[in-house]
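In: Let me see the structure of the following:
(2 chains)
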Protein chains: 2
Amino acid sequence: MERYSGVLAPVITPFKKDLTPDKERLIAHSRWILSKGANLAVFGTNSEANSLSVNEKIDLLEHLVFSGISGESLMPGTGCCALSDTIQLTKHCIELSCRGVLMLPPFFYKGISDDGIFGFYAEVIEQVADENLSIYLYHIPPISQIPISTSLIERLANRYPINIAGIKDSSGDWNQTAEFNQLGIPDFRVFCGSESFLLQNMHAGGAGCISATANVNPLPISELYKNWNRESADKSQEKLNQIRMIFQSFPMIPALKAATGIYSKQMEWNTVRPPLMALSVKEIASLKAQLDQVNFSMEGLAN
Amino acid sequence: MERYSGVLAPVITPFKKDLTPDKERLIAHSRWILSKGANLAVFGTNSEANSLSVNEKIDLLEHLVFSGISGESLMPGTGCCALSDTIQLTKHCIELSCRGVLMLPPFFYKGISDDGIFGFYAEVIEQVADENLSIYLYHIPPISQIPISTSLIERLANRYPINIAGIKDSSGDWNQTAEFNQLGIPDFRVFCGSESFLLQNMHAGGAGCISATANVNPLPISELYKNWNRESADKSQEKLNQIRMIFQSFPMIPALKAATGIYSKQMEWNTVRPPLMALSVKEIASLKAQLDQVNFSMEGLAN
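Out: Here you go, the predicted structure:
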């Protein structure tokens, strides 16, 4: 299968009031994102993936696929602290024909050497042992605290050229994304972790973005991806940045859920799993007011 | 059941060459530790607990208990990133009559508020809903990056006085341990995370220590615990520090495993799960030479 390009949303995970995942709302939200031109990086950081057990993730993934969402549009996050969890979840993704997986490095131990991280990814690849395994490495040092160095990427891609497909860069540092784009590894797909860098990333030869706000603003982001080479691109980027800034002024995950709750009129969307906290009523009102000011909407969202 | 005091070892987890856990060696090593007067904090940081899936942990725990090791001697680590994992594992520990559990805060997201951490522990306690649940909080900011503040402890102990039993302080900062000892919460048990602070902790009213090196040096550490009030205590502490310094000069977990391998003549003990790396042959020889110099041994270890 062709490697990923374009825009992917780390799909937010809806919970019921008892904190169990709400499968039907996940399917509905995923379909809405797909209808707006973005694909589905379920079980990302913004999906509260690490607040879900492996069994919960497998159950949700099966529901997505059995409901008719193609594995071709899915890039589930599968990197866990535990080697065994990462292998089990990754194997399941392959069985469900997912076109790729986004893989965090193991993130519990700190100060881990490149040899140790290589050992982890190598063991996963060897044990999954499938040429359909397409891994997008996940560089997010502000949260994982475990950076993925360019020399580690080169070593992995050199050893497993079929399996190492690209990287998501959530460092927030454009110079880092630029460096990943200059690696010169054949068909290596570089995604920025925020649409604020989308235009820059496309000019640098990148593949697209995997961004939190693609949960709420997927169509304009996808349109910039398609039209990055046109004159209108700078203005589109500016407009995307404006909306992102609003969301960024709140804790991101609860803000994405609050907006989805506002526009779907399903206030259960506000539920997050601890240790995250839902926005307060006051914060939700402030978010709504700011979004109204820029005429933001989430058109077509099911009520 | 009475709350814990004394010395506990975060029992190292033996792996076979295929990286699956070796149940029989775990039981043998646990029995050896018990025979030297220490109890078992299985699934701690030094147990590579976060490199194991919840199912692997449950399987190992059942084997320990079904092999005749009493729940009274077990303080399993149960804190995972995911609320659902933490609840499942903790419930299982209660079913197996574990006298206590050591609970990391959720450690994936960074910059989490005390309210968020409180929400996590509260949800676990409410869902486990068992007066036999006895939680020792795990303060280990160098690795978890999520500190447990004194005001959070007070809030938790105030709300759940039966369930909040104590804390393990692996901050490495004696002033922090001293502060935990001054909280004034009734019967709140403070364990230092290294035997280097054991004597100080006992003088400050602490309950003992939960220390990596109790895997290899349990008898002398337990003896200092018993005799901390005697004149000989300073000298014993000095001797403990000397041995700890040797282990600390290597990556701790592989060094504990290497020593256990040397003295049990079972070199499979060197196996760690990635991202950790085993000591090199040269490092193992150097560790052995340094331990020989201080006449270190692990008497009675099964071959």
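In: Now do the buried residues in stretch A:7-20.
Out: For stretch A:7-20, a neighbour-count test (16 or more other Cβ atoms under 10 Å in any protein chain shown) marks A:7, A:8, A:9, A:10, A:11, A:12, A:13, A:14, A:15, A:19 as buried. (Glycine included, C-beta is placed from N, CA and C.)
In: got it, and stretch A:294-303?
Out: Quick answer for stretch A:294-303 (16+ other Cβ under 10 Å): A:296, A:298, A:301.
In: Equivalent analysis for stretch A:180-191, please.
Out: Neighbour-count burial for stretch A:180-191 flags A:180, A:181, A:185, A:188, A:189, A:190, A:191 (criterion: 16+ other Cβ under 10 Å).
In: Would you agree the last one falls within a strand?
Out: Yes - read with DSSP: H, G, I helix; E, B strand; the rest coil, residue A:191 is one of the residues of a strand.
In: Please report how far it lies from chain B.
Out: In this view, residue A:191 and chain B are 20 Å apart by Cβ to the nearest Cβ, to the nearest Å.
In: what's the answer for residue A:58, then?
Out: 12 Å.
In: Would you check that that residue makes contact with residue A:93?
Out: No - Residue A:58 lies out of contact with residue A:93 (Cβ atoms under 8 Å); the separation is 9.2 Å.
In: So between those two, which is more surrounded?
Out: Shown here are residue A:58 and residue A:93; by other Cβ atoms under 10 Å in any protein chain shown, residue A:93 has more neighbours (28 against 19).
In: quick one, what contacts that one?
Out: A:61, A:71, A:74, A:76, A:78, A:101 (Cβ atoms under 8 Å, 6 or more residues apart in numbering or on different chains).
In: contacting residues around the third one?
Out: Translated: residue A:74. Residues near residue A:74 by Cβ under 8 Å, 6+ apart: A:39, A:40, A:42, A:61, A:64, A:65, A:93, A:96, A:98, A:99.
In: Over to the first one?
Out: For residue A:61, the residues meeting the contact criterion (Cβ under 8 Å, 6+ apart) are A:42, A:43, A:74, A:76, A:92, A:93, A:96, A:98.
In: quick one, phi/psi of it?
Out: Backbone geometry at residue A:61, expressed as degrees, to the nearest 10, gives phi -60, psi -40.
In: Strands of the stretch 101-250 of chain A, start to end?
Out: Per DSSP state E, counting those that start in this stretch, the stretch 101-250 of chain A carries strands over the ranges A:101-103, A:135-139, A:164-169, A:189-192, A:208-210.
In: Name the spans of chain A whose pLDDT lies under the cut-off.
Out: A:303 (pLDDT under 70).
In: So which bits of the stretch 1-150 of chain A are right by chain B?
Out: For the stretch 1-150 of chain A, the contact set with chain B under Cβ under 8 Å from any Cβ of the partner chain comprises A:19, A:50-54, A:56, A:81-85, A:88, A:105-110, A:112-113, A:115-117, A:119-120, A:122-123, A:142-143, A:145-146.
In: neighbours around residue A:233, how many?
Out: Count around residue A:233 with other Cβ under 10 Å applied: 18.
In: Against chain B, how distant is the residue lying closest to it once chain neighbours are set aside?
Out: Among residues not flanking residue A:233 along the chain, residue A:199 sits closest, at 5.6 Å (Cβ to Cβ, 6 or more residues apart in numbering or on different chains). Distance, residue A:199 to chain B, by Cβ to the nearest Cβ: 29 Å.
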